[in-house]
Structures are given as structure tokens and as C-alpha cells.
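Quick one: sequence and predicted model below, then my questions.
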Amino acid sequence: MDRGRERNIYFAGAIRGGREDVRLYGELVSHLTGLGRVLTSHVADPRLDAAGDEGISEAAIYSRDMAWLDSADLVIAEVSTPSLGVGYEIAAAEARGKRILCLFRSDAAHTLSAMIAGNPALRIGHYSTLAEAKDHIARFFNEG
């Protein structure tokens with residue numbers, strides 16, 4: 001990756017899986033905006049509800065998001081709230097050879113999926129505080 005070029009970041013977080021972490025997504029997206037261009041900042045929009053209604057068809061959402069994933073340099077996925085869509089995005093990113101960091105909050109109500117935790121292609125960042133999540137992001141960026 002050309003370090004002189006702004007990085008395209010694909011941020012993944014639950015939408016239809018639940019919006020409990022939308023404030024956290026906002027903090028993470030705000031932080032990531034200082035590190036590159038966040039292609040999917042809408043994930044942190046508190047007006048986007050669990051119905052996921054963005055005023056466009058599901059087929060259009062899929063096409064748009066896959067195009068963004070294709071143009072992304074790396075993927076940051078917050079995986080504390082289980083989401084079929086986020087899991088799909090992670091698998092699609094892996095198939096495209098993208099670098100992927102999965103952030104999992106240690107006090108989450110759910111257990112991290114074995115398919116995520118056991119995948120050696122994924123970097124997993126367990127955290128308790130926003131500062132710890134940002135530290136995982138900094139290390140991930142410094143490695144690439």
C-alpha cells in the first residue's frame with residue numbers, strides 16, 4: 001500500500017443485527033476519519049435504525065457495499081454485536097485479500113463467534129475501553 005496515499009477504510013458494524021453500539025461506532029468512525037477515508041461512515045449514523053432502511057433497495061445496498069469493499073485498503077469490523085451482514089462483509093473482505101481487524105468488547109453480552117476467533121487470517125482486538133480499541137487500531141495501521 002502506498003503510504004503517501006490516503007487509505008480507504010471499510011468500517012463494519014451491526015445495523016439490522018442491532019443498534020446498541022451505534023454511539024461506539026460513532027466514536028470509532030470519528031477516530032478512523034483522522035486516519036483515512038471511511039467509506040462506510042453511515043454505519044455510525046444514529047438515524048439509521050435496525051430496519052436498515054436507507055431509502056434504497058437491498059440489491060442497491062449490496063452492490064454499493066461490495067464496490068466500497070473492493071476499493072477499501074483495509075477493514076475494521078466491530079463484532080461485539082452479532083450480525084449476519086458483518087460476518088458476510090468479513091468473509092468477502094478475506095476473499096478479496098483485505099487486511100481485517102475485528103474489534104470485540106470484552107464486556108459484550110455475546111460471545112465472539114468461533115468462526116471469527118479461530119480464523120488465523122483475522123486480527124482480533126479484545127478491548128474494554130475506547131482507548132484500548134484505538135490502541136488496537138494504531139497497531140493495525142502501523143503494521144500495514
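Yep, it's here.

can you give me the strands in this structure?
8-12, 37-38, 74-78, 99-105, 123-127 (DSSP state E).

who touches the third one?
Counting contacts by C-beta atoms under 8 Å, 6 or more residues apart in numbering, the residues outside strand 74-78 that touch it are 7, 9-14, 21, 24-25, 28, 32, 69, 86, 89-90, 93, 98-103, 105, 137, 140, 144. Just so you know, the C-beta spots here come from the backbone N, C-alpha and C atoms, and that holds for glycine as well.

strands paired with that strand, and their directions?
strand 8-12 (parallel), strand 99-105 (parallel) (DSSP bridges).

before we move on, the earlier item: and the contacts of strand 74-78, which of them are buried?
For the contacts of strand 74-78, a neighbour count by 16 or more other C-beta atoms under 10 Å gives the buried set as 7, 9-14, 21, 24-25, 28, 32, 69, 86, 89-90, 93, 98-103, 105, 137, 140.

before we move on, back to that, now mean pLDDT and distance to residue 60 too, for the strands of the chain, in CSV please.
Below are these laid out as CSV (pLDDT from 0 to 100; distance: least, C-beta to C-beta, whole Å):
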stretch, mean pLDDT, distance to residue 60
strand 8-12, 98, 17
strand 37-38, 98, 20
strand 74-78, 98, 21
strand 99-105, 97, 25
strand 123-127, 97, 31
